[in-house]
Every structure is written in C-alpha cells, then in structure tokens.
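Enquirer: Any chance you could fold what I've pasted below:
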Amino acid sequence: MEFNKIIEEKSAKAWDIYIPNLSVDCVVFGFHDVTLKVLVTRLKDKDLWALPGGYVLKTENLMEAANRILYSRTGAENIYLQEFKVFSELNRSGGVFDEFPDTLWNKQRFLSVGFYALVDFHQVNLVMDDISDACEWKSIEELPNFMMDHRSIFDKALITLRKQLNHKPIGYNLLPEKFTMPELQKLYEIILAKKLNRGNFYRKMLRYDILIKLDESRKGGAHKAPDLYQFDIEKYEKALKEGLNNGW
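Expert: Just a heads-up that it's a prediction; the model follows:
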C-alpha cells in the first residue's frame, strides 16, 4: 500500500486512541565495531529518514509510550531510557504532510518529548513498520537526511549524553557483559569525541567502584591479554541514582 493511503488510514484511527498534540521521539544509541551508532528509519517512497517515534495512547504515560515504541522497533526490553527535552517549535513537520488535508492527525501541531535510549547492539532485532522501507543503524559520523526537526533532536540527545558522562556511569547498556578497560575507554572517547589519558581513565573508573575485575582475560593478539571486567549492577544502579563525582 502506498505511503499516502497508509497515513490517511492511520489518521482516522489515531483520533480515537491517542492523546492529541503529544508525541514521543527516541534517539537510540548502540555501540558496534568501535563506532557509536543511532537507529533510524526511512519513510516509504521518500528519501527522508526519521528517528523512531510515535504517539501516546490515552491509557499510558510517557515512559510507557517510549518503551512500547522502542519495543516495536527493536524487540528489546529493559532499555535504559532518559527523557531529555520537549520540542515545541512551530511547524515542526517541516512540510512533510503539506499535501494532505488539514484534518489529518499527523498534520496537527505536536509537542514532542525526546528520549534517548542506550541498547546492546547485539540484543536488537530491527523491525520496519508499514510506513517505512528501511530500519538501520547509522554511524553518528554519517547521518542521513532527516525529516522534520529530527536532526535537532539527535544533536540535543548527543549533547545530553556527553553531559551525563560527567555525573553518571555509561556502558552497561552499550557494552557486552564482559569487556576490557581499553574497550570501555574507547566507548567514552567516541561519545566525548576526544582522547582520554589512559592512566587517568583507569584510576577514575576504579575509584568509582562500579566494576568487578574478573579472573580471566581477553585472548588473542600479540600483546599481553587485557583483563576482563563487568559492571557491579547494584553499585551501577546506585551511581545512576546518586551520581558520580568528577567530570571528564
């Protein structure tokens, strides 16, 4: 079915089940091949990409809506979600729905609540919906042409994630269960877009007391095998709630 017909059919149903003028947009970060990636979808029959998003059912709150939307796209549960900003500019749709009548649900003015999510790349099963013809991971260094204000939403999410590194831990939702200190450092460097001193990084992470050093190492390679670590989940969750001292 063509894009316009699908949109019109969904609009007719939307008025009955969703809260008017309120939407959710999610910036989903994953880490793979030493690259920070973001999940994007492409509108069917159009060269426009979008962040995963949707509307809020009359029976749910914002967090429930964000979790439902992400589950439908990734199949992942227990995702780390952080609300970061409300986007309320006039004419946010940027002409995407200009050809439709003014009564179209999607053409109304929407305030969108932005969430960013951190997910394990290997635990995600990408799913296209019926208005998309692609659902892919893109490197944050090679972003496509976004629809509406989705580039601004992405930019603000990345800035917020970088700021979070100053007072909250990062990594549990992005790295595999077992990882090396160089792998953790590389994750921080990619998010912050700068190099970090190896010794200072190691000392700071150990001082945070959120890591468990395992009695095993990463095999392979010409150099000494690096030790493996995993997060102490209880201490990690406590640090998320109470924060960490010292920034990067």
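
Enquirer: Taking the centroid of the protein, which residue is nearest it?
Expert: residue 28 (1.7 Å; Cα atoms, centre = their mean).

Enquirer: Relative to residue 217, how far out is that residue?
Expert: 32 Å (Cβ to Cβ, to the nearest Å). Every C-beta, even on glycine, is put in place using the N, C-alpha and C of the backbone.

Enquirer: same check, this time on residue 3
Expert: 52 Å.

Enquirer: With neighbour numbers in mind, choose between the two.
Expert: Relative neighbour count places residue 3 above the other of residue 3 and residue 217, with 15 against 12, counting by other Cβ atoms under 10 Å.

Enquirer: pull the longest strand from this structure.
Expert: Criterion DSSP state E: the longest strand present in the chain is strand 18-32.

Enquirer: Run through who's touching the helix or strand following it.
Expert: Scanning the chain past strand 18-32 towards its C-terminal end, the next helix or strand to appear is strand 35-43 (assignment: DSSP states H and E). Where contact means Cβ atoms under 8 Å, 6 or more residues apart in numbering, the residues beyond strand 35-43 that reach it are 3, 27-31, 48-52, 73-74, 121, 124, 126, 128-129, 131-141, 143-144, 146-147, 154, 187, 190-191.

Enquirer: Could you list the paired strands of strand 35-43 along with their orientation?
Expert: Next to strand 35-43 in the sheet, as set by DSSP bridges, lie strand 18-32 (antiparallel), strand 49-50 (antiparallel), strand 132-139 (antiparallel).

Enquirer: Show me which of the contacts of strand 35-43 are buried.
Expert: The neighbour count (16 or more other Cβ atoms under 10 Å) marks 27-31, 48-52, 73-74, 121, 124, 131-132, 135, 137, 140, 146-147, 154, 187, 190-191 as buried among these.

Enquirer: Which parts of the chain belong to which domain?
Expert: 3-164, 179-242 (automatic domain parsing).

Enquirer: need the ones you listed in JSON lines with mean pLDDT and distance to residue 170, can you?
Expert: As requested, these are exported to JSON lines (pLDDT from 0 to 100; distance: least, Cβ to Cβ, whole Å):
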{"stretch": "domain 3-164", "mean pLDDT": "93", "distance to residue 170": "7"}
{"stretch": "domain 179-242", "mean pLDDT": "90", "distance to residue 170": "7"}
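
Enquirer: on that earlier part again, can you lay out the strands paired with strand 35-43 as TSV showing distance to residue 106?
Expert: Compiled in TSV, those are given as follows (distance: least, Cβ to Cβ, whole Å):
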stretch	distance to residue 106
strand 18-32	9
strand 49-50	12
strand 132-139	14
